[in-house]
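Enquirer: sharing a model prediction with you, sequence too.
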Number of protein chains: 6
Amino acid sequence: MRIVVTNCNTTQEMTEEIVRGARAAAGPGTAVTGLTPQWGPESAEGWLDSYLSAAAVIDLLRTYEGPAYDAVVMAGFGEHGREGVRELVDVPVVDITEAAAHLACLLGRRYGVVTTLERSCGQIEDSLELAGVGRNCAAVVGTGLNVLELGDAERTEAAFVAAAERAIAAGAEVLVLGCAGMTGLQRAVGEKLGLPVVDGVGAAVKLAESLVGLGLGTSRVGGYARPLPKGRVWGRGVG
Amino acid sequence: MRIVVTNCNTTQEMTEEIVRGARAAAGPGTAVTGLTPQWGPESAEGWLDSYLSAAAVIDLLRTYEGPAYDAVVMAGFGEHGREGVRELVDVPVVDITEAAAHLACLLGRRYGVVTTLERSCGQIEDSLELAGVGRNCAAVVGTGLNVLELGDAERTEAAFVAAAERAIAAGAEVLVLGCAGMTGLQRAVGEKLGLPVVDGVGAAVKLAESLVGLGLGTSRVGGYARPLPKGRVWGRGVG
Amino acid sequence: MRIVVTNCNTTQEMTEEIVRGARAAAGPGTAVTGLTPQWGPESAEGWLDSYLSAAAVIDLLRTYEGPAYDAVVMAGFGEHGREGVRELVDVPVVDITEAAAHLACLLGRRYGVVTTLERSCGQIEDSLELAGVGRNCAAVVGTGLNVLELGDAERTEAAFVAAAERAIAAGAEVLVLGCAGMTGLQRAVGEKLGLPVVDGVGAAVKLAESLVGLGLGTSRVGGYARPLPKGRVWGRGVG
Amino acid sequence: MRIVVTNCNTTQEMTEEIVRGARAAAGPGTAVTGLTPQWGPESAEGWLDSYLSAAAVIDLLRTYEGPAYDAVVMAGFGEHGREGVRELVDVPVVDITEAAAHLACLLGRRYGVVTTLERSCGQIEDSLELAGVGRNCAAVVGTGLNVLELGDAERTEAAFVAAAERAIAAGAEVLVLGCAGMTGLQRAVGEKLGLPVVDGVGAAVKLAESLVGLGLGTSRVGGYARPLPKGRVWGRGVG
Amino acid sequence: MRIVVTNCNTTQEMTEEIVRGARAAAGPGTAVTGLTPQWGPESAEGWLDSYLSAAAVIDLLRTYEGPAYDAVVMAGFGEHGREGVRELVDVPVVDITEAAAHLACLLGRRYGVVTTLERSCGQIEDSLELAGVGRNCAAVVGTGLNVLELGDAERTEAAFVAAAERAIAAGAEVLVLGCAGMTGLQRAVGEKLGLPVVDGVGAAVKLAESLVGLGLGTSRVGGYARPLPKGRVWGRGVG
Amino acid sequence: MRIVVTNCNTTQEMTEEIVRGARAAAGPGTAVTGLTPQWGPESAEGWLDSYLSAAAVIDLLRTYEGPAYDAVVMAGFGEHGREGVRELVDVPVVDITEAAAHLACLLGRRYGVVTTLERSCGQIEDSLELAGVGRNCAAVVGTGLNVLELGDAERTEAAFVAAAERAIAAGAEVLVLGCAGMTGLQRAVGEKLGLPVVDGVGAAVKLAESLVGLGLGTSRVGGYARPLPKGRVWGRGVG
């Protein structure tokens, strides 16, 4: 099967990193194609970026002309758009935020999310709540690092561990990497902290494979019916 | 004071109708300027439209070059984007969804929302929940009419009353017009139904005037901090 | 329009202070009349006081013989009675507790309340919850000052700021003055703390003006139907 | 031990009926004294009545000069005041609303309340919620009868059974008599409906006996601290 | 009346201690019979123990051949099984977890539970939530002591007081002994802490007496219908 | 990898059916071993059965001596025990109840569960709530069929469709088969109803494969720490 993984921002290097994470998780018969939006923010940090990203990712899939795919993984942690993509495409859609939480719920009684900037915590809380998995979330905490600073592995790791301690004190028994750019960190920090750490990219790939494997697709009854035919203009094309 | 009212779609006639509703509600010293997005959907019905609309409305305000304004009213019922606009502008921002609910809470123990298509109900429920006013919402119900069919006043009124009965049976003591395009309907259906009917456009204008009058603005601490400076591309500019 | 503002206690000086706050918030066409209960507690601090106050305020409006008014503002933060007054009078009724919360929700993702004695915190939490605006309340905290000690501005301000830090640590992005007697403090503490501070008296005046301006009144369907005609005796008249 | 049972209204016959119910439930060593407020509503139906009743019942206990008692039972279903009485007296206080719900929770997974007028349903829901026992309440439904019509046993029984069917359809496995004036009905309707029916008066007497028997009293830490000494005037003494 | 009190583990000394606590609480006409499961864990600490205990306690009552009894008290704090026993027996069933919480709700606005090991806190939270009394629980905290260490009274008391401070800081106004083996401790720690402390064993005995006294029994409508006749094998009988 | 699938009852035929469903869902490299408890109920319908089943399934895994396995799937819909198994074994544990809900959340905004007897609905609701996925459950409804009647495919299908209509009317956009014995039904009823139908057995197999594939295991911090060493007796061994 083929899974399309959409980055939520225009930074090509981050797409590549996400694809690496996705491929590491994917099963033997799964091909992973990374897609980078042609417009949008260079990183998504806050509500404005998130809405811009949502429209750009929907547009990316709307105009996609590559080989057919079996599922979409949306790799923007806490970012908007998943319901719109569910309306648009005819294959299962899994967002890394919800995916990480779904798996985390299976591993402990309460989980915590460690993300980048504090300003993103509220968005993530809302995203988890609406996905239906907010109940067992003990805390969403920030490391103070921004998305593009995650390249410095040592610093990121230290900041993650420090923030994780706060989530654990709030009751978390499992942790979630709260940014697609943290992919790959799970093993190192998991060992340091002595508890399971879930990466949303890997989780979403596995959930997408699961849905495809079971022949399940998005319901068209109710909320996620196909978009109505109508006039739409997709942006102005200037920075 | 000047209030900018943003339509959530590109249909100029609807902007005019919304502006009429806003002006009818505005106090003597308030000027109302209607703005129509330069891109986006011609009507917002569903999640895909809503995210496209959110980006287009943010872009509209980002590139606005008219006279200074004191507040923004976002006139898309149940549509996304309010948090992003709060980050962007330095004046209070009121969304008509939350505005109607805030006033409805003051008029009865439970309120209900009557909207257009059933497919929009979920979005509205989510919007109310995140705005912090979902608790006293007894029901969100659809009339089965789409946004652009609202022109036929008689048919709209009949459909509204029929749907309203379901909301009342679920416990609603106050009703909310669940679409900016319904503005003006409140008096007629309120009389027929014998209970108060709140129009979000009018409600948002009054709440915006209230915040401006009290010298209150969006908090920059936490969730609604200003957008970080970074590269962003606003769409591709093709339909 | 005329707004009647009811103090929740028998202390005339506090009525005057509240009226000053209300007038500062009122629009140009709004006359504010302050009313002091003829019986009840000299300050409301705790449940017993609150219930006594509720009955006294209802009685005050029941026996009011002054000029006609267009709305009632109930100026007892966290005090009971609003639903009873809604049954009694034929104009909109706005309680300062809920009013402050409604506006605060528009200014940040979470708000906090800073009140007088710790013993009042529970009452305020309950009041917010039943008004339908408890979801986004991050914390209700006390300053340790009682109502009649609020006269000492410097001490009050210092105590407010100290308590506010606790609310902010709990996630508040906006603050609410949790006592009618704090009216006027919002600007000073807002500047010190660097975030918006909402005064319930001003908020309630603006919301009352909004409802009157939109021609909206309390629903008579369900909970707030008019009181049934029957024998009632209003107290024993001794201290 | 002696339990004082306070009627919430001034109708002496209803006090007597409540006392009969309380005595039927009381253990061999328990004396029951019924108290009728000297002022207040002749029946409590709605918020205005409820707040008036709350103040009158508090005043009743404040000025009580009879023999010492060990507990207070407040016999107004859904009426306000319990927290104020907890502040005032130094013995346990049990309200019949919460009492019925506490016992009902032990008898089935969900319970329902059948009360008098539909207008009272909201008050009861709020009372259960704040008492901490709202979660397992499936429904609060009205019979359409007012308090003083309950004398007609046959009609009351028929109306109760009809309303109870709606609560059962909503998931109730246990029923609660939603008015002190229904005391005595539990056996007859329980047999007809084939499920347990809890009378709040009896339930409160047993819970009061339980607390006294265990030597437990109201906490003075936090919410229910003793009222502060201050000037208070208890009503005007005219109808 | 006769109340059967079931220990949740196979330690006979603990049954005796529980029976002492139950008898101290029981009214003059109440006989208390303690029962020890013939199989199960020697102490219940964690989920595995709890499920094993649940089956063993159900089996204990299923095979009971002693004198008829009027109610069952299940004396395992936070342990599973109560719903199964409700299906099985034809008399009221009260679990000490829920019992303590029901009474605690009557004594303060929020209560806290102090238990043995931290690992038990989650189970207790779940048990309270499903019993319908979780809303007013401020905190469940552990002392770090295991069940069989509770014999050392001084150490237990000190650990209890230290843990209780954390619950009080979280808002608890009343405390609950979170282990059947703590029975008897309530008076000593209550005095030290200056607030009421509820022992679940005593609470459950009083609630059982209350239900029996009122002639109330478990509803057979819905969740707690009698077990269906079918083949069942009760364990393998080896350690 | 090897997944052990535990039936919750002693009926060997049902184990075989479950194993067929599990194998149909399993990936190419996954071996599925079905296990039937050596004791317990012949079908689990109600709380008593569920607790008996929980202990028997834990004992089954405790005494398992077959080849090493990588994950456990617990195939009792709505049955207890998953937390105990998580404590016991060192590999991921997935219960079919939670598994179906996790996947259903990805396919629609609200899901519904269609189960066997009405008496099981409450248990399932509780199981979903504690698993952290109750929020988006619109309804749990019964077909009126018991577990062992599910053999009649036509009747089961008709009863399922009738019950499903009620869940859809309550807002379900996705359905879940609420019994392990319904495995295989998903395709037929899904086509009839026009929406996705999730089978818990298949869902759990995929989630187990996902966790194993990602190298994730149960957290030992907090709730699911290993059972303490102590004396335990596993049943009496007679029917």
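Expert: Thanks, I have it.
Enquirer: give the contact list for whichever residue of chain A sits closest to chain B.
Expert: Shortest chain A-to-chain B distance, computed as Cβ to the nearest Cβ: residue-wise this is A:Gly235, at 0.8 Å. For glycine as for every other residue, the C-beta is placed from the backbone atoms N, C-alpha and C. By Cβ atoms under 8 Å, 6 or more residues apart in numbering or on different chains, the residues touching A:Gly235 are A:39, A:55-56, A:59, B:39, B:55-56, B:59, B:234-237.
Enquirer: quick one, which of the residues you listed are buried?
Expert: A:39, A:55-56, A:59, B:39, B:55-56, B:59, B:234-236 (16 or more other Cβ atoms under 10 Å in any protein chain shown).
Enquirer: and those, which is the shakiest by pLDDT?
Expert: pLDDT across the buried ones among the contacts of A:Gly235 is lowest for B:Arg236, at 82.
Enquirer: need the residue closest to the centroid of chain A.
Expert: A:Ile96 (2.8 Å; Cα atoms, centre = their mean).
Enquirer: pull out the buried positions in stretch A:16-34.
Expert: For stretch A:16-34, by 16+ other Cβ under 10 Å, it's A:17-19, A:21-23, A:25-27, A:30, A:32, A:34.
Enquirer: what average pLDDT does that stretch get?
Expert: pLDDT averaged over stretch A:16-34 gives 97.
Enquirer: touching it from outside, list them.
Expert: Contacts for stretch A:16-34 (Cβ under 8 Å, 6+ apart): A:1-7, A:15, A:66-67, A:69, A:73, A:75, A:180-181, A:183-184, A:199, A:201-206, A:209, F:27-29, F:213-214.
Enquirer: just stretch A:158-168 next, same as before
Expert: A:112-114, A:138-145, A:172, A:175, A:177, A:182, A:185, A:189, A:192-193, A:195, F:221.
Enquirer: which of the buried residues of stretch A:16-34 sits closest to chain E?
Expert: Comparing those against chain E with Cβ to the nearest Cβ picks out A:Ala25 as the nearest, at 29.4 Å.
Enquirer: and the closest one, how far from B:Val114?
Expert: For A:Ala25, the distance to B:Val114 equals 45 Å [Cβ to Cβ, to the nearest Å].
Enquirer: residue ranges of the helices in chain A, please?
Expert: A:12-25, A:47-62, A:82-88, A:96-105, A:121-131, A:153-169, A:186-193, A:200-213 (DSSP state H).
Enquirer: just the C-alphas of the longest one, formatted as PDB.
Expert: Which is helix A:153-169. The C-alpha trace of helix A:153-169 is given here as PDB (Å, rounded to 0.1, in the frame of the first residue of the first chain):
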ATOM      1  CA  ALA A 153      19.600  16.900  19.300                       C
ATOM      2  CA  GLU A 154      21.400  17.200  22.600                       C
ATOM      3  CA  ARG A 155      19.600  20.400  23.600                       C
ATOM      4  CA  THR A 156      16.300  19.000  22.400                       C
ATOM      5  CA  GLU A 157      16.800  15.900  24.400                       C
ATOM      6  CA  ALA A 158      17.600  17.800  27.600                       C
ATOM      7  CA  ALA A 159      14.700  20.100  27.200                       C
ATOM      8  CA  PHE A 160      12.400  17.200  26.500                       C
ATOM      9  CA  VAL A 161      13.500  15.400  29.600                       C
ATOM     10  CA  ALA A 162      13.000  18.500  31.800                       C
ATOM     11  CA  ALA A 163       9.600  19.100  30.400                       C
ATOM     12  CA  ALA A 164       8.700  15.500  30.700                       C
ATOM     13  CA  GLU A 165       9.300  15.500  34.400                       C
ATOM     14  CA  ARG A 166       6.500  18.000  34.800                       C
ATOM     15  CA  ALA A 167       4.100  15.900  32.800                       C
ATOM     16  CA  ILE A 168       5.000  12.800  34.900                       C
ATOM     17  CA  ALA A 169       4.400  14.800  38.100                       C
END
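Enquirer: show me what contacts A:Ser50?
Expert: A:8, A:44, A:76, A:78-80, A:123, B:84.
Enquirer: could you export these as JSON lines, including distance to B:Val161 and pLDDT?
Expert: Below are the contacts of A:Ser50 laid out as JSON lines (distance: Cβ to Cβ, whole Å; pLDDT from 0 to 100):
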{"residue": "A:Cys8", "distance to B:Val161": "43", "pLDDT": "97"}
{"residue": "A:Ala44", "distance to B:Val161": "44", "pLDDT": "95"}
{"residue": "A:Gly76", "distance to B:Val161": "42", "pLDDT": "97"}
{"residue": "A:Gly78", "distance to B:Val161": "41", "pLDDT": "97"}
{"residue": "A:Glu79", "distance to B:Val161": "40", "pLDDT": "98"}
{"residue": "A:His80", "distance to B:Val161": "35", "pLDDT": "98"}
{"residue": "A:Gln123", "distance to B:Val161": "39", "pLDDT": "97"}
{"residue": "B:Gly84", "distance to B:Val161": "36", "pLDDT": "98"}
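Enquirer: out of these, who's near chain C?
Expert: Among the contacts of A:Ser50, none lies close to chain C by the criterion of Cβ under 8 Å from any Cβ of the partner chain.
Enquirer: ok, of the residues you listed, which one's closest to chain F?
Expert: Nearest to chain F among those is A:His80, at 15.0 Å by Cβ to the nearest Cβ.
Enquirer: the closest one: how many residues sit nearby?
Expert: By other Cβ atoms under 10 Å in any protein chain shown, 33 other residues sit near A:His80.
Enquirer: correct me if wrong: it contacts A:Ala56.
Expert: No - applying Cβ atoms under 8 Å as the test, A:His80 and A:Ala56 come out as separate, 10.9 Å apart.
Enquirer: can you put the helices of chain A in CSV and add distance to F:Ala153?
Expert: Shown next, in CSV, are the helices of chain A (distance: least, Cβ to Cβ, whole Å):
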stretch, distance to F:Ala153
helix A:12-25, 38
helix A:47-62, 39
helix A:82-88, 32
helix A:96-105, 31
helix A:121-131, 35
helix A:153-169, 48
helix A:186-193, 44
helix A:200-213, 24
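Enquirer: give the burial count for the nearest residue to A:Leu214 once chain neighbours are set aside, as a bare number.
Expert: Leaving aside its sequence neighbours, A:Leu214 sits nearest to F:Gly202 (Cβ to Cβ, 6 or more residues apart in numbering or on different chains; 5.1 Å). Neighbourhood size, F:Gly202 [other Cβ under 10 Å]: 29.
Enquirer: do A:Arg187 as well
Expert: As a burial measure, A:Arg187 scores 11 neighbours (other Cβ under 10 Å).
Enquirer: name the nearest residue to the residue of chain A found nearest chain D, sequence neighbours excluded.
Expert: Residue nearest to chain D within chain A: A:Arg135 (13.9 Å; Cβ to the nearest Cβ). Closest residue in space to A:Arg135, ignoring its immediate chain neighbours: F:Gly132 at 4.6 Å, by Cβ to Cβ, 6+ apart.
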